[in-house]
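Peer 1: Sequence and predicted structure below; questions after.
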Amino acid sequence: MGGVIIALVVMGTVVLVFLFYLVSLYNNLVSLKNRFLNAFAQIDVQLKRRYELIPNLVETAKGYMKHEKETLEAVIQARNTAFSAGQQAAANPGDPNAIQNLSTAEVALAGSLNKFIGLAEAYPDLKANQNMLALQEELTSTENKVSFARQAFNDAVASYNIACESFPSNLVAGFGRFVPAKMFEITAPAEREAVKVQF
């Protein structure tokens, strides 16, 4: 009788340890998911800051670049599209389609900003405008912060995805409905660099 009790105690202990291990794996997945969601929130903050700067940049340039109306409108349209995609991605950073749409919109915005900046260099008065110089510095700073925030997001997503795909946590991930997240990647090689703002 004493041997049966000892066997039951040992078996109960093994089962408890295993359950604690599963709970630990689950909690780790929750923690990693929250880290990548928080990392996206940091991207969102910087993108919103940039989206707010772009109309100011365009308004400052309007007086000087009267003949470049199409370029100015293209920048604002790209900004609005990226802003909308950013809101959708912020609502669900774990949605691969939302992140892909945001990446695509960011590529279009970077392209239109680069064209705008290239044209702005042809206007010496605009290059010397104090408001334009201040906006240029703010935008450059924001672009750097966006790059760092993207890197932090992608690092958090990589850690989360590794945990979701590694054995035995992949079993817990499947049971807990943890799906892999998509990294915030720029697909066009020319657009991987931050927008260069220099007048």
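Peer 2: Alright, I've got the coordinates.
Peer 1: buried ones in stretch 159-179?
Peer 2: For stretch 159-179, a neighbour-count test (16 or more other CB atoms under 10 Å) marks Y160, N161, A163, C164, S169, V172, A173, G176, F178 as buried. Heads up, the C-betas are built off the backbone N, CA and C, glycines and all.
Peer 1: now for the lengthiest helix in the chain, which elements pack on it?
Peer 2: Ranked by number of residues, the top helix in the chain under DSSP state H is helix 2-62. Applying 3 or more CB pairs under 8 Å, 6 or more residues apart in numbering; DSSP states H and E, we find helix 2-62 packed against helix 69-91, helix 96-120, helix 130-165, helix 169-175.
Peer 1: which strands and helices sit next to the worst-scoring helix or strand of the chain on mean pLDDT?
Peer 2: Within the chain, no helix or strand scores below helix 124-128, which has a mean of 74 by mean pLDDT, DSSP states H and E. Here helix 124-128 touches no other helix or strand, going by 3+ CB pairs under 8 Å, 6+ apart.
Peer 1: Give the buried residues for it.
Peer 2: Applying 16+ other CB under 10 Å to helix 124-128 flags L126 as buried.
Peer 1: follow-up on the earlier one: I'd like the buried residues of stretch 159-179 laid out as CSV, including pLDDT.
Peer 2: Below are those laid out as CSV (pLDDT from 0 to 100):
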residue, pLDDT
Y160, 95
N161, 95
A163, 94
C164, 94
S169, 92
V172, 92
A173, 92
G176, 90
F178, 93
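Peer 1: re the thing from before, nearest to V17, of the helices and strands packed on helix 2-62?
Peer 2: When the helices and strands packed on helix 2-62 are compared by CB to CB, helix 169-175 sits nearest V17, at 15.4 Å.
Peer 1: just checking, what packs against the closest one?
Peer 2: By 3+ CB pairs under 8 Å, 6+ apart, helix 169-175 packs against helix 2-62, helix 130-165.
Peer 1: what bits of the protein have low per-residue confidence?
Peer 2: In the predicted model of the chain, residues 1, 187-199 satisfy pLDDT under 70.
Peer 1: what's the neighbour count on the closest residue to K115 other than its chain neighbours?
Peer 2: Nearest non-adjacent residue to K115, counting by CB to CB, 6 or more residues apart in numbering: T71, 6.0 Å away. For T71, the tally of surrounding residues (other CB atoms under 10 Å) stands at 18.
Peer 1: show me what contacts T71?
Peer 2: By CB atoms under 8 Å, 6 or more residues apart in numbering, T71 lies in contact with M65, S112, K115, F116, L119.
Peer 1: Just the buried ones out of the residues you listed, please.
Peer 2: For the contacts of T71, a burial check counting by 16+ other CB under 10 Å picks out M65, S112, F116, L119.
Peer 1: Using TSV, lay out those residues together with distance to I76.
Peer 2: Below are the buried ones among the contacts of T71 laid out as TSV (distance: CB to CB, whole Å):
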residue	distance to I76
M65	13
S112	9
F116	10
L119	14
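Peer 1: what phi and what psi does the backbone show at M65?
Peer 2: Main-chain dihedrals, M65, degrees, to the nearest 10: phi -110, psi 50.
Peer 1: what about it, distance to F116?
Peer 2: 9 Å (CB to CB, to the nearest Å).
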